[in-house]
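Novice: Curious how this folds, go ahead:
(2 chains)
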2 protein chains.
Amino acid sequence: MDPRVREHAETLVDWSARIEAGENVVVSVGEGAHDLAVAVAQALGERGANPVSTYASEEFSRAYLRAREGEFDADPAHELALYENADAVLFLGGPRNTTATADVPGGTRQAAARAQQGIREARMDTKWVSTVHPTRAGAQQAGMAFEEYREFVYDAVLRDWESLAGEMAEMKAILDEGEEVRLVKEETDLTMRIDGRVAVNSAASVAYDSHNLPSGEVFTAPYATEGEVHFDVPMTINSRRVRDVRLTFEDGEVVDWSAAQGAAALEETLDTDEGARRLGELGIGMNRGIDRFTDSILFDEKMGDTVHLALGRAYESNVPEGSEEAVNDSAVHVDMITDVSEDARLEVDGEVVQRNGTFRWEHGFEE
Amino acid sequence: MDPRVREHAETLVDWSARIEAGENVVVSVGEGAHDLAVAVAQALGERGANPVSTYASEEFSRAYLRAREGEFDADPAHELALYENADAVLFLGGPRNTTATADVPGGTRQAAARAQQGIREARMDTKWVSTVHPTRAGAQQAGMAFEEYREFVYDAVLRDWESLAGEMAEMKAILDEGEEVRLVKEETDLTMRIDGRVAVNSAASVAYDSHNLPSGEVFTAPYATEGEVHFDVPMTINSRRVRDVRLTFEDGEVVDWSAAQGAAALEETLDTDEGARRLGELGIGMNRGIDRFTDSILFDEKMGDTVHLALGRAYESNVPEGSEEAVNDSAVHVDMITDVSEDARLEVDGEVVQRNGTFRWEHGFEE
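Specialist: Have a look, this model is predicted:
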């Protein structure tokens, strides 16, 4: 086995999920993630944890969803009980075909997502972490050779996370103290309230309320969004290619939208429920180890010169502990990215914190 | 997709597990069983059932078991809860390497099996069914070409089960009325009590208390076993080749044993717990659609000219409903087969019911 696979598994189990002896872990294994799953199993054995492995097959889901007629049963008891009794869930992505569910009707997707609300919440109540094993389908999506893609993935995953967490603490402090964020670039002038919310220093570890490996972003849950935004980084929503999404917000809600490609996928997202028309996340990418777009949200949204916004569900970690404030509890969470490397600025309470991709504390920053 | 895969899935879901709308189903997917899993997902969608798919990877298990040190935690809550809340469990075997766990120490296997007693019972309390998807590793184990093996598997699986159930009812009636079974062939003269027990007409459906697809055997839970038996059909126990097992019983318990090959695997089985030295099953193969040995217990034990005995756990279906009688609750259930096609006879209460592979009601039977 490639030693990087073992190192990936150990980073996931130790740094990211902080697995300890006696913990009950669900390992969700994508169709192409077998090798990483085996390495994770070994690490879990060494830590004395108790794994159950689930098979996260897109082709299985597609066949089921297309065949199912009528209402979906809400939160089936066996699946709910599995997650309610789990301490951690490790999602090992690893596509064999990134468009494997392309022909599942949007209405079916939405209905299935809505029926799984309790299961989703039970999962999010655990120490969950999402990561991805490099597959040929992932390489293809990224437009790379397989070996080149593997280098890319491990460069992003196998980092000095403790050191990056230190750098990101500065941005978290700015967002925690700030009240309003403004993002300005071509076809974009958007303001969002962030006061009363807590920014997460997403350092790829549940110890930082961070649930992605790789990570390297600081995110919060904005509200009262006003203005317009253009997402110029292409992406894939529910197996469909989406490009050049433009959204206009009034009173925190999307009132106008367009997409140069994939309008149907965007429309389905917006129509899922009421929360799907509001933002759930503002994220600022800070992982300089990711040096190009690969059409994978797990990587793209962490890139140093990007800002992303998510329609839908917010993370509870963005609300102060003990707060009664209701966060966006949509059934969807769809991230969209805009490139801020050129002719762009990010302001917090009127002060520029990033211009043309350079942060205030970085060399070459211009006020 | 090969139409036989769909037919297999439909037989499993409808005839075998009797899945109905709203039922919670666990689909356990072997490493090589993906295609069957997709067909099963479609069938479950059509029936309106709720699947959770688990990944039954031997390589995952091996890595975990070899890495784990110290005691295993008893019945981890997440796994236990999954099965306690399931109506049915469909085990889709499909090996990519039938010896994938060959280097897991016997003591580790035993400890892991003992720690999962409650989970095993919860699974057996569901409408569980085991089947197998034909893989190249399965073909290799059987000594066949892949296409030849697929024909073999579907010949055994896609049968007129209702009609076979009718034939098997005769044997069930004989065993239900009988008190003692005697098996006689070269190096074999074994008697077992069966009074007070109920024989199962194993017609590959939970409606018959039958949990294998294919099936085609009648089995009961014997006790007070006396004498000796030679198992001349080779088999694989825990990834290890075992041949020519000879057992001697006194007062229902193994007091002497040998094996020409795989003695260590047999010894580990016998040492698992007290029940592992007693029989849990006497099965009489009646599936004439299986015409050769393939070193797979699922098929071999159903073959028309065979009798098999299992060390360890008995099925509760062999005890009358409401009975307080304790059955063998060992952590293991290891089947061993003897060929009764030549110079062999099976007696119930002194009357011959099968001689040289021919049943009493078949053409050519000689008293």
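Novice: Could you report the neighbour count for the residue in the stretch 51-200 of chain A that chain B sits nearest to?
Specialist: Residue nearest to chain B within the stretch 51-200 of chain A (Cβ to the nearest Cβ): residue A:67, separated by 2.9 Å. No exception for glycine: its C-beta is placed from N, CA and C like everyone else's. Applying other Cβ atoms under 10 Å in any protein chain shown, we find 16 residues neighbouring residue A:67.
Novice: For it, give me its contacts.
Specialist: Contacts for residue A:67 were tallied using Cβ atoms under 8 Å, 6 or more residues apart in numbering or on different chains; they are B:41, B:42, B:43, B:44, B:45, B:46.
Novice: what do you get if the cut-off is 10 Å, keeping everything else the same?
Specialist: A:108, B:41, B:42, B:43, B:44, B:45, B:46, B:47, B:48 (Cβ atoms under 10 Å, 6 or more residues apart in numbering or on different chains).
Novice: Now do residue A:45: how many residues are near it, please.
Specialist: Neighbours of residue A:45 (other Cβ under 10 Å): 21.
Novice: the strands in the stretch 151-300 of chain A, which residues?
Specialist: Counting by DSSP state E, counting those that start in this stretch, the stretch 151-300 of chain A has strands at residues A:180-185, A:188-193, A:200-202, A:217-220, A:223-231, A:235-237, A:240-242, A:245-250, A:253-258, A:279-285.
Novice: need those strands in CSV with mean pLDDT, can you?
Specialist: Output for the strands of the stretch 151-300 of chain A, formatted as CSV (pLDDT from 0 to 100):
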stretch, mean pLDDT
strand A:180-185, 98
strand A:188-193, 98
strand A:200-202, 94
strand A:217-220, 96
strand A:223-231, 97
strand A:235-237, 88
strand A:240-242, 91
strand A:245-250, 98
strand A:253-258, 97
strand A:279-285, 96
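Novice: Now tabulate the ones you listed in CSV and tack on mean neighbour count.
Specialist: Formatted as CSV, the strands of the stretch 151-300 of chain A follow (neighbours: other Cβ atoms under 10 Å in any protein chain shown):
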stretch, mean neighbour count
strand A:180-185, 19
strand A:188-193, 18
strand A:200-202, 27
strand A:217-220, 27
strand A:223-231, 19
strand A:235-237, 20
strand A:240-242, 18
strand A:245-250, 20
strand A:253-258, 14
strand A:279-285, 25
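Novice: CSV for those, including distance to chain B?
Specialist: Shown next, in CSV, are those (distance: least, Cβ to the nearest Cβ, whole Å):
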stretch, distance to chain B
strand A:180-185, 39
strand A:188-193, 38
strand A:200-202, 26
strand A:217-220, 29
strand A:223-231, 34
strand A:235-237, 22
strand A:240-242, 21
strand A:245-250, 31
strand A:253-258, 32
strand A:279-285, 27
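Novice: Ok, which of those strands comes nearest residue A:318?
Specialist: strand A:217-220 (5.2 Å; Cβ to Cβ).
Novice: what lines up beside that closest one in the sheet?
Specialist: In the sheet, strand A:217-220 lines up against strand A:200-202 (antiparallel), strand A:279-285 (antiparallel) (DSSP bridges).
Novice: buried ones in the one helix or strand residue A:110 maps to?
Specialist: Counting by DSSP states H and E, the element that carries residue A:110 is helix A:106-115. When neighbours are counted by 16 or more other Cβ atoms under 10 Å in any protein chain shown, the buried residues of helix A:106-115 are found to be A:106, A:108, A:109, A:110, A:111, A:112, A:113, A:115.
Novice: Name all residues that make contact with residue A:351.
Specialist: A:174, A:178, A:360, A:367.
Novice: Report the beta-bridge partners for residue A:200.
Specialist: Going by DSSP bridges, residue A:200 forms beta bridges with residue A:219.
Novice: That one against residue A:165, yeah?
Specialist: No: using Cβ atoms under 10 Å, residue A:200 makes no contact with residue A:165, being 11.2 Å away.
Novice: who touches both of those two?
Specialist: With Cβ under 10 Å, 6+ apart as the test, residue A:200 and residue A:165 both reach A:172, A:208, A:210, A:215.
Novice: wait, which of the strands of the stretch 151-300 of chain A is closest to residue A:306?
Specialist: Of these, nearest to residue A:306 by Cβ to Cβ is strand A:279-285, at 4.1 Å.
Novice: Whichever residue of the stretch 251-367 of chain A sits closest to chain B - how many residues pack around it?
Specialist: The nearest approach of the stretch 251-367 of chain A to chain B comes at residue A:331, 17.3 Å away (Cβ to the nearest Cβ). By the criterion of other Cβ under 10 Å, residue A:331 has 20 neighbours.
Novice: Surely it is in contact with residue A:272?
Specialist: Yes: if you go by Cβ under 10 Å, residue A:331 and residue A:272 touch, sitting 5.5 Å apart.
Novice: overlap in contacts of those two?
Specialist: A:109, A:110, A:111, A:113, A:114, A:312.
Novice: mind checking how far the third one is from residue B:306?
Specialist: What it means is residue A:111. 50 Å (Cβ to Cβ, to the nearest Å).
Novice: same question, the first one
Specialist: Distance from residue A:109 to residue B:306, counting by Cβ to Cβ: 50 Å.
Novice: show me what contacts the nearest residue in space to residue A:132 that is not next to it in sequence?
Specialist: In space, and not counting its chain neighbours, residue A:132 is closest to residue A:93: 3.9 Å by Cβ to Cβ, 6 or more residues apart in numbering or on different chains. Shown in contact with residue A:93 (Cβ under 10 Å, 6+ apart): A:28-33, A:36, A:56, A:58, A:130-135, A:138, A:296, A:298.
Novice: Count the neighbours of the closest residue in space to residue A:244 that isn't next to it in sequence for me.
Specialist: Closest residue to residue A:244 apart from its sequence neighbours, by Cβ to Cβ, 6+ apart: residue A:260 at 3.8 Å. Look at residue A:260: counted by other Cβ under 10 Å, it has 11 neighbours.
Novice: All set now, cheers.
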